[in-house]
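1. Give me a 3D structure for the following:
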Amino acid sequence: MDTTTYDKLKDIIKIYLPEDVSVDDITLNSHLINELNINSANLVDVVLDIEDHFDITIEDDEIEKMETVNSALDIIKGKL
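-> Alright, predicted model coming up:
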């Protein structure tokens, strides 16, 4: 795995974590909504930040598949 991409993704996600969730809770298998408690509005912001940082476009159907950190990484890597 490209740890640079993973680390950058964690940096993006941690901005939107609620106070009761630590950056240490982010793992590849973490569910963005159910485990990391990122609400749907913030999930849109996460996607926008990913698009900006990696200079990619994530389609609506891909956003629906972006349930875990690992699935987000797979989508990013597939576009790079």
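2. which strands and helices sit next to the helix or strand containing Asp52?
-> Using DSSP states H and E, the element containing Asp52 is helix 40-54. Counting contacts by 3 or more Cβ pairs under 8 Å, 6 or more residues apart in numbering; DSSP states H and E, helix 40-54 is packed against helix 3-15, helix 69-79. All C-beta spots, glycine's among them, are computed from the backbone N, C-alpha and C.
3. since we're on the closest residue to Leu43 other than its chain neighbours, how many residues are nearby?
-> Leaving aside its chain neighbours, Leu43 sits nearest to Leu32 (6.3 Å; criterion: Cβ to Cβ, 6 or more residues apart in numbering). Leu32 has 22 neighbouring residues, counting by other Cβ atoms under 10 Å.
4. give the contact list for the closest residue to Asn39 other than its chain neighbours.
-> Setting aside the residues directly before and after it, Asn39 is nearest to Ile33 in space (Cβ to Cβ, 6+ apart), at 7.5 Å. Shown in contact with Ile33 (Cβ atoms under 8 Å, 6 or more residues apart in numbering): 39-40, 43, 67.
5. All set, thanks.
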